[in-house]
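# here you go, sequence then predicted model.
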Amino acid sequence: DVKVTQSSRYLVKRTGEKVFLECVQDMDHENMFWYRQDPGLGLRLIYFSYDVKMKEKGDIPEGYSVSREKKERFSLILESASTNQTSMYLCASPRGTEAFFGQGTRLTVV
Amino acid sequence: GNSVTQMEGPVTLSEEAFLTINCTYTATGYPSLFWYVQYPGEGLQLLLKATKADDKGSNKGFEATYRKETTSFHLEKGSVQVSDSAVYFCARLNSGNTPLVFGKGTRLSVIA
């Protein structure tokens, strides 16, 4: 059974904290993506990676960075969390004509 | 550029009404097309997909046909139920190292 796992379902962090959101896939896929989902804005692409140590900016990379040291893990990093980064974060790993999603991490920055 | 445009919501229907949610795309090549659904409090789930022109994806009474000539992938259901209340996202995926691109989502509310 294919799986994309995000480390946390809910997180509450303080403004200015460094935040790590982890995503792991067990499908040996090359491609992994991070999105944020906000009401009325749909899913917006933050960063994606198509191989280990490779990364590409998506539509809204500002305030974020990523790390892909191993094929199965793609980390999203908020260098200094701000309240406007309160959102639902979704990790995805597509291959061919299939795309698999994690359950999402709802991050609240206070 | 590559984008997906879907009709804005919210859409409110009575039970057993006919549903159409429009989706059009722009893309180079021949993308795969998807409809995802997100029920309240849950994660994103694949509802149906089509990978080439004239393919019809179907699931749970929903259907969508890949129309290359109109670059559309409209979602339809003949008779909606209250349990269909959710947010629906249209998406496209080109082959190779390209991201999955989503529409903004359409919230559907079905009332008894």
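Everything's here; your move.
# only C-alpha atoms for contact and neighbour calcs from this point on.
Fine.
# start and end of stretch A:62-79, how far apart?
End-to-end distance for stretch A:62-79: 10 Å, by Cα to Cα, to the nearest Å.
# ok, A:Lys57 touching A:Ile46?
Yes. Between A:Lys57 and A:Ile46 there is a contact under Cα atoms under 8 Å: 6.5 Å.
# quick one, which of the two is more surrounded?
A:Ile46 (23 against 15; other Cα atoms under 10 Å in any protein chain shown).
# contacts only, for the more buried one.
A:Ile46 sits next to A:33-36, A:57-61, A:64 when contact means Cα atoms under 8 Å, 6 or more residues apart in numbering or on different chains.
# what helix or strand is B:Thr12 located in?
Assigned by DSSP states H and E, B:Thr12 belongs to strand B:11-14.
# so what's the gap between that strand and the chain middle?
Strand B:11-14 sits 16 Å away from the centroid of its parent chain (Cα atoms, centre = their mean, to the nearest Å).
# show me where pLDDT drops low in chain B?
Chain B contains residues with pLDDT under 70 at B:1-2, B:27, B:97.
# can you list the residues of it near chain A?
B:32, B:42-45, B:51, B:89, B:93, B:95-97, B:99-105 (Cα under 8 Å from any Cα of the partner chain).
# which non-adjacent residue is nearest the residue in chain B that chain A sits nearest to?
The nearest approach of chain B to chain A comes at B:Lys104, 3.8 Å away (Cα to the nearest Cα). Here the nearest residue to B:Lys104 in space, its sequence neighbours aside, is A:Gly42; by Cα to Cα, 6 or more residues apart in numbering or on different chains that works out to 3.8 Å.
# what about that neighbour, neighbour count?
By other Cα under 10 Å, neighbour count at A:Gly42 equals 19.
# same deal with B:Glu8?
Neighbours around B:Glu8, by other Cα under 10 Å: 14.
# from memory it sits against B:Gly103, does it?
No. Counting by Cα under 8 Å, B:Glu8 does not reach B:Gly103; the two are 9.6 Å apart.
# quick one on the thing from earlier: which residues touch the residue of chain B closest to chain A?
A:40-43, B:5-6, B:8, B:89.
# which of these lies closest to B:Thr70?
Distance ranking of the contacts of B:Lys104 against B:Thr70, using Cα to Cα, places B:Thr5 first at 12.9 Å.
# B:Arg92 versus B:Pro99, what's the distance?
9 Å.
# what residues of stretch A:24-35 count as buried?
Residues of stretch A:24-35 classed as buried by neighbour count (16 or more other Cα atoms under 10 Å in any protein chain shown): A:24-25, A:27, A:30-35.
# what about the nearest residue to B:Ser72 once chain neighbours are set aside, how many neighbours?
Leaving aside its chain neighbours, B:Ser72 sits nearest to B:Thr24 (4.2 Å; criterion: Cα to Cα, 6+ apart). Number of residues near B:Thr24 (other Cα under 10 Å) recorded here: 21.
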